[in-house]
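K.L.:
dropping a prediction and its sequence here:
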Amino acid sequence: MWRWYSVVSPADALPQHSPCTPRANEVFNSGIRQMSWIATLWNRLKSAGDLEDSSTGSGHALEKLLGYHFKDKNLLVKALKHRSYVYAEEGSDRIESNERLEFLGDAVLELLVTDYLFRRFEDKGEGELTQMKSQLVSRKALARQADCLGLGSFVLLSEDERGANGGQRPSILCDTLESLIGAIYLDGGLEAARSCVRCAVLADFHQIVQPDANFNFKSRLLEYSQSKGNGHPRYLVHAEHGPDHDKIFSVEVCITGQRMGWGQGRSKKEAQQMAAKDALESLDAL
């Protein structure tokens with residue numbers, strides 16, 4: 001069982017004044033050098049954020065923010081380990097980052113948001129539901145929600161990444177929230193994950209979902225491509241399936257000759273929109 005302990009800074013554990021004799025000074029300084037690994041550990045723990053809720057002396061501040069208390073604390077820690085932190089550790093080949101949990105959490109989040117929208121909006125068609133889901137699970141929205149929760153203070157980063165303010169980077173915030181959702185799913189099941197998603201994402205539904213927003217993904221992709229000096233995206237019908245009255249079109253979109261997205265629809269226009277959406281997601285521009 002993982003346990004959290006209060007940590008005292010190495011500086012606080014040492015005398016405030018070194019001994020006065022040269023030999024004593026040498027021994028003292030040698031002792032400090034030997035404690036360098038403690039100082040390193042202290043800095044990493046400090047940079048990881050306050051995982052202990054000091055106001056009550058029990059539980060964790062992060063768990064309270066998420067509305068869930070882990071039975072397996074190792075899952076919580078793993079969900080916070082960014083790959084930069086893992087690569088900076090000795091024996092990193094034996095340490096797993098949060099990337100697998102992020103992969104799982106992404107799928108769990110999609111399922112729970114889809115289920116929520118399907119049940120709540122019985123009068124909405126597939127297109128409108130897809131548009132709402134796209135807003136709720138977009139990397140931009142998830143990063144904003146993660147920032148509101150203060151996840152940047154808890155994520156475990158390398159010293160270089162922390163120094164570069166990586167804890168506030170939208171991609172890291174988004175990935176951390178998804179990995180935490182995956183960890184909660186493994187630790188407590190689907191209903192526990194549902195409660196977390198309701199608290200961390202769906203609670204701000206009306207702030208995230210904008211009914212009048214521009215959902216023309218083709219226009220948004222065109223604007224993005226032109227802003228990068230890449231000109232017009234090119235859409236190609238990759239395949240057609242089914243009888244004439246019920247065809248499914250597959251379309252890919254290319255920018256500067258490189259395939260950037262793929263989509264399907266019951267019309268070429270719908271398939272192009274889905275391909276543009278896929279491209280925007282792959283470019284982190286949605």
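P.N.:
Cool, the structure landed.
K.L.:
for I172, give me the pLDDT.
P.N.:
Looking at I172, its pLDDT reads 93.
K.L.:
let me know the distance separating D187 from A285.
P.N.:
33 Å (C-beta to C-beta, to the nearest Å). For glycine as for every other residue, the C-beta is placed from the backbone atoms N, C-alpha and C.
K.L.:
actually, K73.
P.N.:
37 Å.
K.L.:
check G261 too.
P.N.:
As judged by C-beta to C-beta, G261 and A285 stand 11 Å apart.
K.L.:
quick check: neighbours shared by these two?
P.N.:
L221 (C-beta atoms under 8 Å, 6 or more residues apart in numbering).
K.L.:
neighbour count for those two, which is higher?
P.N.:
G261 (24 against 17; other C-beta atoms under 10 Å).
K.L.:
what residues are bridge-paired with the more buried one?
P.N.:
Note on G261: beta-bridge partners by DSSP bridges are V253.
K.L.:
how near is it to E270?
P.N.:
Going from G261 to E270 by C-beta to C-beta gives 14 Å.
K.L.:
mind checking the SS state of D284?
P.N.:
With DSSP: H, G, I helix; E, B strand; the rest coil as the basis, D284 sits in coil.
K.L.:
I figured it hits R169, correct?
P.N.:
No - D284 lies out of contact with R169 (C-beta atoms under 8 Å); the separation is 11.1 Å.
K.L.:
more neighbours: which of these two?
P.N.:
Neighbour comparison, D284 and R169: the larger count goes to R169, with 17 against 13 (by other C-beta under 10 Å).
K.L.:
which residues of the stretch 1-150 of the chain fall in helices?
P.N.:
With DSSP state H, counting those that start in this stretch as the criterion, the stretch 1-150 of the chain has helices at 10-13, 22-34, 36-47, 61-66, 73-79, 83-88, 99-120, 126-136, 139-149.
K.L.:
beyond the last one, next helix or strand please.
P.N.:
The one in question is helix 139-149. helix 159-163 (DSSP states H and E).
K.L.:
show the end-to-end separation of stretch 69-82, please.
P.N.:
In stretch 69-82, first residue to last residue: 21 Å (C-alpha to C-alpha, to the nearest Å).
K.L.:
what about that stretch, average pLDDT?
P.N.:
Stretch 69-82 comes out at a mean pLDDT of 92.
K.L.:
that stretch: how far from the chain's middle?
P.N.:
Distance of stretch 69-82 from the chain centroid (C-alpha atoms, centre = their mean, to the nearest Å) equals 14 Å.
K.L.:
tell me which element the most centrally placed residue in the chain falls in.
P.N.:
By C-alpha atoms, centre = their mean, the chain has its centre lying nearest to D175, at 1.6 Å. Using DSSP H and E, D175 sits within helix 170-188.
K.L.:
gap between the helix or strand that that helix is followed by and the chain center?
P.N.:
Sequence order places helix 190-200 as the next helix or strand after helix 170-188, per DSSP H and E. What separates the centre of helix 190-200 from the centre of its chain is 15 Å, taken as C-alpha atoms, centre = their mean.
K.L.:
how about stretch 198-213?
P.N.:
That offset, for stretch 198-213, works out to 17 Å (C-alpha atoms, centre = their mean).
K.L.:
wait, what's in contact with N230?
P.N.:
So N230 contacts I255, T256 (C-beta under 8 Å, 6+ apart).
K.L.:
again, only this time at 10 Å
P.N.:
By C-beta atoms under 10 Å, 6 or more residues apart in numbering, N230 lies in contact with L222, Y224, I255, T256, Q258, M260.
K.L.:
relative to E223, how far out is it?
P.N.:
If you measure N230 against E223 using C-beta to C-beta, the figure is 11 Å.
K.L.:
also L65?
P.N.:
Taking C-beta to C-beta, one finds L65 at 36 Å from E223.
K.L.:
who has more neighbours out of the two?
P.N.:
L65 (17 against 13).
K.L.:
what about the more buried one, distance to E102?
P.N.:
On the measure of C-beta to C-beta, L65 and E102 end up 18 Å apart.
K.L.:
before we move on, what about R120?
P.N.:
With C-beta to C-beta as the criterion, R120 and E102 are 26 Å apart.
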